[in-house]
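Asks: okay, here's the prediction I keep looking at, along with the sequence it came from:
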Amino acid sequence: MASRDVLTFLRGQKLSDTLLRKLKMKFLVVKGVLNDAEAKQITDSDVNDWVDELKDAVYDTEDLLDDITTEALHCKMEYSDSQSQVLYINFCEGIKSRVDDITDTLERLAQEKEVLGLKEGVVEILSNRWPTTSLVDECRVYGRDGNKEEIVKFLRSYNASGNKIGVIALVAMGGIGKTTLAQLVYKDRRVVDCFDLLTWVCVSEEFDLIRIMKTILKAITSGTPDDNDLNMLQCKLEERLNRKKFLLVLDDVWNENYNDLEKLQLPFNVGLRGSKIIVTTRSDSSQHPKLEEIGKEIVKKCKGLPLAAKTLGAALYSESRVKEWDNVLNNKLWDLLNDEILTALRLSYSFLPSQLKRCFTYCSIFSKDYEFEKENLILLWMAEGFLQQTHDMKTMEEIGDGYSLVEEMPSQMSLLKGLQKLSDYIVGKQSGTRVAELKELSQIGGSLVIQELQNVVDAKDALEANLVGKQYLDELELVWDRDRDDELESLEVNDDSVVDQNGEEIFLNNLQPHSNLKRLTIYRYGGLRFPDWLGGLAILINMVSLRLWNCHNVSALPPFGKLPSLKHLYIFGLRGIEKVGVEFYGNEPSFVSLKALSFEDMPNWKEWLCLGGQGGEFPRLKRLHMERCPKLTGNLPTHLPILRMLVIEGCEQLMARLPRAPVIRVLWTHSRDISEWKELPPLLQTLLINNIDSLECLLEEGLLQRNTSLEDLTIRNCSFSRPLCRVCLPITLKYLNVEGCEKLEFLLPEFFKCHHPSLRNLIIDDGTCNSFLSIPLGNFPRCRFLMIGGLEGLKFLSVSTSDRDPPSFGILSISRCSNLVSICCKNMKAACFHSLELYDYPELIFPIQGLPSSLTSLEIRSCDKFTSHRELSLMLRPASS
């Protein structure tokens with residue numbers, strides 16, 4: 001309650017610290033009933049008055065502590081040269097009486113809580129139990145066949161509601177069989193065949209978001225993620241789920257925190273339509289069927305406003321008492337405020353814990369539509385004393401998980417010598433706003449962005465900024481003018497520009513950081529060369545990530561290969577680079593820790609000198625990106641032993657042989673020299689082929705078919721010159737995209753003749769073909785999504801199935817084929833697809849006859865010749881036998 005300075009000051013005034021101890025005890029007595037009081041004050045004016053008096057007492061206490069702290073610091077500064085810590089001043093007069101007054105008030109409030117019927121909250125203690133798994137002994141399960149079939153039907157169905165991801169919740173009291181039912185469904189062969197990915201996670205009492213996401217990733221990738229960063233895990237999960245139809249079971253969910261569940265849900269939105277989530281949870285609400293009835297009435301009061309419904313839903317999510325739901329339904333606020341959204345917000349506010357209510361109401365000082373940064377708001381809460389100290393030794397800044405980002409920097413920042421967090425510093429030209437103001441800020445840590453560095457007048461200012469002395473900084477970004485890109489492109493070389501460039505070189509050299517720095521980014525630096533410290537082993541020994549963006553004038557790269565900790569190197573928009581040679585590597589071995597290397601937007605780069613060596617230049621490299629380097633020729637590194645991803649795009653002159661990469665999983669290439677390809681890497685899972693000649697040979701000769709790992713193939717911007725004799729694709733292929741290809745009439749007829757047993761997604765988008773196309777759906781027994789779009793020249797489309805093996809998949813999407821006039825569906829008596837989408841067909845003639853009876857969703861847009869409901873009924877009429 002009081003800081004060490006306050007207690008020292010009180011002892012120095014010969015006042016007992018029992019004063020504050022007594023005050024603290026009185027606060028604890030009333031704090032126990034505060035949640036109950038906050039809930040009842042809306043309808044009980046006596047309780048409302050009681051809460052107001054308590055707030056006044058809290059404010060009086062805060063004022064008292066502020067006065068004591070201020071006086072203690074003042075005296076400490078004045079008597080700092082004294083050896084005695086006992087400060088004899090007259091300030092203490094009146095302290096005791098002020099404490100006594102507040103204590104008396106709290107004692108009276110404590111007595112009144114009994115009269116008002118305020119009760120203390122109860123904390124439920126949860127027991128430890130073994131986690132569940134997906135295994136089940138079906139022979140010992142009886143009486144659940146009906147429930148099981150109903151859930152299986154839901155899981156196999158298309159989400160007719162329009163939601164991309166379907167969620168089913170199994171809610172009941174503990175021990176009734178929710179988990180067993182989920183296990184039965186999870187193992188059902190009909191369900192397993194319906195999804196690309198299936199994952200089971202036991203959540204139990206502790207809803208650890210990091211653990212849950214790592215468990216899901218481990219199940220999907222068969223590896224153990226080593227990240228504990230929520231953002232990185234969400235991004236990885238999103239990447240793995242993209243274009244996949246998945247089933248996720250979250251078993252035994254106890255947590256009822258709406259925000260936690262929303263954070264968990266975010267990465268799943270990239271999955272294909274038809275993906276499902278099963279949640280099993282125990283809740284007392286199952287014992288109160290009246291909650292559903294009350295909930296429907298509350299929804300009516302929201303009058304169709306999504307924000308109001310979502311707000312109240314989040315607030316009542318963990319509330320199982322009928323009385324509390326009734327209080328919301330029959331609350332007088334619905335009549336008083338005459339605004340459904342304001343009412344919903346006010347009612348949901350009543351469910352917040354008391355320590356959060358002050359933080360929430362503080363935001364009312366901001367004007368409507370005011371955009372504030374989370375970190376800045378937390379600092380304001382800290383200044384008001386709203387944040388509560390925890391027991392895990394974290395600072396208030398760490399508790400708040402952020403710091404201030406400002407648009408206009410205050411002048412004379414150097415006076416804030418104790419500042420620990422500064423996210424953004426904007427350099428000005430006036431006194432008090434120069435970069436030298438950072439000189440005394442030796443305690444700042446975390447991340448720092450220094451902007452508008454073009455405003456530096458004197459390179460000595462950079463030296464005075466003393467970045468080399470800021471040992472607590474982890475991440476640093478140095479940014480020149482945001483509008484400088486165009487200026488640097490058009491800059492003519494003259495004496496003045498050379499002077500400016502030399503000045504920037506000296507200036508950047510003076511911004512040498514401390515050796516503890518881990519991440520460095522340099523934007524729009526205009527010098528001709530980078531400083532020596534940028535490749536210095538002793539200076540950047542801990543550097544993990546380095547990004548260079550749009551430094552257009554630099555003509556050579558530093559010896560980054562010498563940095564022992566460097567894992568990520570991104571080089572973007574360095575237009576002055578023409579050659580990357582031995583200077584890039586430094587001493588051998590080089591790049592001993594590098595995992596990701598990216599070269600992008602380097603229009604004048606012509607040569608990359610690769611040194612080779614026993615272990616290769618990049619022994620730990622996992623990802624290599626080379627994009628939009630149109631003049632690059634020559635070779636690539638020859639041996640990359642653990643490379644997982646290679647992306648080559650927009651490098652038209654690069655004819656190099658692909659490196660030896662035995663464990664590569666993802667390959668994007670435009671290499672035209674396909675004749676040298678003997679075998680694909682054995683573990684290759686994703687292949688993108690872009691703008692390649694002689695693609696016919698690749699598809700006919702079985703090179704792709706012999707690979708037993710390939711699951712995702714994209715053919716982009718290719719042109720076919722002759723009809724194919726056959727199409728040989730691997731049976732493991734699940735996703736096929738054909739994008740922007742010409743003369744598809746040479747590919748598609750032979751392709752559609754072949755059986756593709758594992759294909760889940762087929763997309764043929766943007767290209768040219770002849771007027772007729774026939775698609776036998778029976779050759780795609782597991783297809784879930786088929787899209788035909790943007791095919792110039794296509795006029796007649798036929799879609800058919802066979803009696804022998806009719807498919808059952810979700811979506812057939814046909815769009816943007818501007819010449820299409822007729823679609824014919826043949827032999828659709830069996831269940832074939834659930835959703836049909838038709839977009840942008842000004843010439844399409846209706847009706848389309850023979851659509852399957854399984855159709856649950858039909859979406860038609862920009863089809864001008866479709867005009868009446870009668871035509872729609874003709875389309876939906878079952879096909880004749």
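Replies: In hand now; what should we look at? Numbering: from 1, shown residues only.
Asks: quote the end-to-end distance of stretch 583-600.
Replies: Start-to-end span of stretch 583-600 (Cα to Cα, to the nearest Å) is 19 Å.
Asks: and residue 210, what does it touch?
Replies: By Cβ atoms under 8 Å, 6 or more residues apart in numbering, the residues touching residue 210 are 228, 230, 233. For every residue, glycine as well, the C-beta is placed using N, CA and C.
Asks: the helix or strand where it lies - what's its average pLDDT?
Replies: Residue 210 belongs to helix 209-221 when assigned by DSSP states H and E. Helix 209-221 comes out with an average pLDDT of 81.
Asks: same thing with stretch 231-247?
Replies: Averaging pLDDT along stretch 231-247 yields 82.
Asks: and for stretch 794-806?
Replies: Averaging pLDDT along stretch 794-806 yields 77.
Asks: picking up where we left off before, list the buried ones in the helix holding residue 210?
Replies: 209, 212, 213, 214, 215, 216, 217, 220 (16 or more other Cβ atoms under 10 Å).
Asks: switch those over to TSV; also include distance to residue 503.
Replies: Shown next, in TSV, are the buried residues of helix 209-221 (distance: Cβ to Cβ, whole Å):
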residue	distance to residue 503
209	49
212	53
213	48
214	49
215	54
216	52
217	49
220	52
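Asks: which one of the contacts of residue 210 has the most neighbours?
Replies: Among these, the one with the most neighbours (other Cβ atoms under 10 Å) is residue 233, at 20 neighbours.
Asks: that residue is in contact with residue 217, isn't it?
Replies: Yes - look at residue 233 against residue 217 with Cβ atoms under 8 Å: they come within range, at 6.8 Å.
Asks: what's the helix or strand that contains residue 446 in contact with?
Replies: Secondary structure assignment for residue 446, by DSSP H and E: strand 446-451. For strand 446-451, the external contacting residues (Cβ under 8 Å, 6+ apart) are 403, 421-427, 435, 438, 470, 472-479, 519.
Asks: buried subset of those residues as a PyMOL selection?
Replies: Filtering these down to the buried ones (16+ other Cβ under 10 Å) takes a single PyMOL command:
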select buried, resi 403+421+422+423+424+425+426+427+435+438+470+473+475+476+477+478+479+519
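Asks: so where do the strands sit in the stretch 451-600 of the chain?
Replies: For the stretch 451-600 of the chain, the strands defined by DSSP state E, counting those that start in this stretch occupy 473-479, 519-523, 545-549, 568-572, 579-580, 596-600.
Asks: ugh, wrong one, I meant the stretch 201-350 of the chain
Replies: Under DSSP E, counting those that start in this stretch, the stretch 201-350 of the chain gives strands at 246-253, 275-281.
Asks: in CSV, list the ones you listed along with mean neighbour count and distance to residue 645.
Replies: Formatted as CSV, those follow (neighbours: other Cβ atoms under 10 Å; distance: least, Cβ to Cβ, whole Å):
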stretch, mean neighbour count, distance to residue 645
strand 246-253, 22, 22
strand 275-281, 22, 25
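Asks: got those strands as JSON lines, with distance to residue 791 columns?
Replies: Putting the strands of the stretch 201-350 of the chain into JSON lines (distance: least, Cβ to Cβ, whole Å) gives the following:
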{"stretch": "strand 246-253", "distance to residue 791": "30"}
{"stretch": "strand 275-281", "distance to residue 791": "28"}
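Asks: between those strands, which one is closest to residue 570.
Replies: Smallest distance to residue 570 across the strands of the stretch 201-350 of the chain (Cβ to Cβ): 31.0 Å, for strand 246-253.
Asks: can you show me the CA trace of that closest one as PDB?
Replies: What follows is strand 246-253, C-alpha atoms only, in PDB (Å, rounded to 0.1, in the frame of the first residue of the first chain):
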ATOM      1  CA  PHE A 246     -10.000 -29.200 -40.400                       C
ATOM      2  CA  LEU A 247     -11.700 -30.700 -37.400                       C
ATOM      3  CA  LEU A 248     -10.600 -29.500 -34.000                       C
ATOM      4  CA  VAL A 249     -11.800 -31.000 -30.700                       C
ATOM      5  CA  LEU A 250     -11.300 -28.800 -27.600                       C
ATOM      6  CA  ASP A 251     -12.200 -31.200 -24.800                       C
ATOM      7  CA  ASP A 252     -13.000 -30.300 -21.200                       C
ATOM      8  CA  VAL A 253     -13.000 -26.500 -21.500                       C
END
